[in-house]
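1. Mind folding the following:
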Amino acid sequence: MRTHPKRQGAGSDKGAERKSNLTDNDSAKMATGKGVIQGYTGAAAVDARHQIIVAAQAHGSGSEQSLLMPMVEQAQPFAMGKTVITADAGYHSETNLKRLHEKGVTALIADGLMRKRDARFKDQGKYKQGPDPLYNKADSPNPVSSGKFTPREFRYDAATNTCICPAGKALYSNGSHCTTNGRTQHKFPGAKRDCMPCALRHQCLRTPDKTLVRQVAIFDKNQPSPHQHTEAMRQRIDSAAGRALYGRRIATVEPVFGNLRYNKRLDRFTLRGQSKVDTQWKLYCMVHNIEKLAHHGYTH
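-> Model (predicted):
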C-alpha cells in the first residue's frame, strides 16, 4: 500500500512525477560495460611527473562533462606556467572549452572523432568486436543514411531573398531571423504542389512517405560559429605538438586508476551519500599519494 504522496516538480501538485533513487538520492545512473548501475564517479587530476593526485572528487553525476571545471579549479593551485590540462572525450563540450578559454587555462580535451582523424589509427576498425548477429533483430539497415540533398545544393540569393531547390522550384520564405543555438537562420519550406509530385522526392526527404515538403534553414555566414572553441581545440590537438602532449595522458592517469582499482581493490564504493563516498574516495587517493611520496624519497 502506498504511504507516501507523489513527489511533483517545482512544489506543485501538477506536472510529471519526480523520479530519483530513494536509497541514495545523491547517486546517479552510470553507464558501464556491464550495463547501467546506480552509483558515483570518482574523478582525479594527476601530476604527470610523479603521478601524484592533486585533486580528487566523487560525484553523483552520470555525465563527466560537469566534472571538468570543478577538477580544474581544484588543481589550479598546483599549476605552473607550462602546465597543460589533458582530458578524454567524456569531458569535451563547447561550454567547457569556452570556460577554459575565459579562465586562460591551457588544455587539450579530446573530441569523439579525434582518433578517426589520426592516420595512426586508420586500421583500428579491424580490432573492434563485431556486433552479435543474434542480438541485432533489425530486418534491414536504417533507411536514413546518406545520398540526400544537403542545404548546400539549394541555391540561396540573399539579395533577392530567394531559395531554389535542386529541382528548380522556388521555396517560400517563412521565418526570418530565427535563432538556433545562438545563430540566426532563415527558413525556406517547399510548396505541396511542387514537392508532392517531384521526381527527386526520395533524394530530398528522409521519409518521403511521411514528410510532405522539404524545409531548408539558411544560416547567416557572417556570424560566429557556435562551435568556435571546439574547432580551435580540434586544430590544437590535431597538430604534431598537440598529439605528442595528449599522448602522455593515458600513461599519466590510467596507471593511477589501475592502482586504486586492482592493487587497492577499490572496485566499488561501499558507502552511501555523496559526502561519505567522497571521503572514501579521497582516503584511497591519499594512500596512493603516501606510497608515491615514499617511493620518491619523501620519507621525512
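
2. all contacts plus neighbour counts: C-alpha atoms, from now on.
-> Noted.

3. Please pull out the lowest mean pLDDT helix or strand from this protein.
-> None of the helices or strands of the chain scores lower by mean pLDDT, DSSP states H and E than strand 178-180, at a mean of 73.

4. quick one: Thr86 is in a strand?
-> Yes: assessed with DSSP: H, G, I helix; E, B strand; the rest coil, Thr86 lies in a strand.

5. Make sure it is actually in contact with Ala244.
-> No: with contacts counted by CA atoms under 8 Å, Thr86 stays clear of Ala244, the gap being 11.5 Å.

6. Comparing these two, which shows the higher neighbour count?
-> Counted by other CA atoms under 10 Å, Thr86 and Ala244 do not tie: Thr86 has more neighbours, with 22 against 12.

7. The more buried one: what's it in contact with?
-> For Thr86, the contact set (CA atoms under 8 Å, 6 or more residues apart in numbering) comprises 107-109, 246, 249.

8. who touches stretch 290-300?
-> Residues contacting stretch 290-300 (CA under 8 Å, 6+ apart): 50-52.

9. How far off centre is it?
-> 37 Å (CA atoms, centre = their mean, to the nearest Å).

10. ok so, going back, ok, the contacts of Thr86 vs Thr230, which is closest?
-> Lowest distance from Thr230 to the contacts of Thr86 (CA to CA) belongs to Ile109, with 9.3 Å.

11. Check for me that Gln203 belongs to a helix.
-> Yes: counting by three-state DSSP, Gln203 falls inside a helix.

12. Make sure it is actually in contact with Thr150.
-> No: using CA under 8 Å, Gln203 makes no contact with Thr150, being 9.8 Å away.

13. Tabulate the CA atom coordinates of stretch 236-245 in PDB.
-> Taking Å, rounded to 0.1, in the frame of the first residue of the first chain, the C-alpha atoms of stretch 236-245 are listed here in PDB:
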ATOM      1  CA  ARG A 236      45.400  22.300 -31.500                       C
ATOM      2  CA  ILE A 237      45.000  18.700 -30.600                       C
ATOM      3  CA  ASP A 238      45.500  17.600 -34.300                       C
ATOM      4  CA  SER A 239      48.900  19.300 -34.500                       C
ATOM      5  CA  ALA A 240      52.100  17.300 -34.100                       C
ATOM      6  CA  ALA A 241      52.800  19.100 -30.700                       C
ATOM      7  CA  GLY A 242      49.200  18.600 -29.600                       C
ATOM      8  CA  ARG A 243      49.200  14.900 -30.300                       C
ATOM      9  CA  ALA A 244      52.500  14.400 -28.500                       C
ATOM     10  CA  LEU A 245      51.300  16.200 -25.400                       C
END
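
14. Just the mean pLDDT for that stretch, thanks.
-> In this model, stretch 236-245 has a mean pLDDT of 92.

15. now what about it, what contacts it?
-> By CA under 8 Å, 6+ apart, stretch 236-245 touches 108-110, 114, 117-118, 246.

16. got any ranges where this protein has weak pLDDT?
-> 1-19, 130-146, 181-182, 221-226, 298-300 (pLDDT under 70).

17. how about the strands in it?
-> Ranges of strands within the chain are 28-32, 35-39, 41-46, 53-59, 85-87, 107-109, 155-157, 162-164, 178-180, 183-189, 215-219, based on DSSP state E.

18. helices or strands up against the last one?
-> Looking back up the chat, that one is strand 215-219. strand 183-189 (3 or more CA pairs under 8 Å, 6 or more residues apart in numbering; DSSP states H and E).

19. on that earlier part again, more crowded one of Gln203 and Thr150?
-> Neighbour totals were compared for Gln203 and Thr150, and Gln203 leads with 15 against 12 (other CA under 10 Å).

20. Leaving out the residues flanking it, which one is nearest to the more buried one?
-> Sequence neighbours aside, Lys148 is the residue nearest to Gln203 in space, at 4.8 Å (criterion: CA to CA, 6 or more residues apart in numbering).

21. Phe269 and Val277 touch, don't they?
-> Yes: in this structure, Phe269 is within contact of Val277 by CA under 8 Å, at 6.6 Å.

22. who touches both of the two?
-> Tyr40.

23. and Asp88, how far is that from Pro77?
-> 22 Å (CA to CA, to the nearest Å).

24. Neighbour count for these two, which is higher?
-> Between Asp88 and Pro77, counted using other CA under 10 Å, Asp88 has the larger neighbour count: 15 against 10.

25. And the more buried one, how close does it get to Val72?
-> 14 Å.

26. rewinding a little: please tell me I have it right and the residue nearest to Gln203 contacts Leu205.
-> Yes: in this structure, Lys148 is within contact of Leu205 by CA under 8 Å, at 7.0 Å.

27. how deep is Ala48 tucked in, by neighbour count?
-> Neighbourhood size, Ala48 [other CA under 10 Å]: 15.
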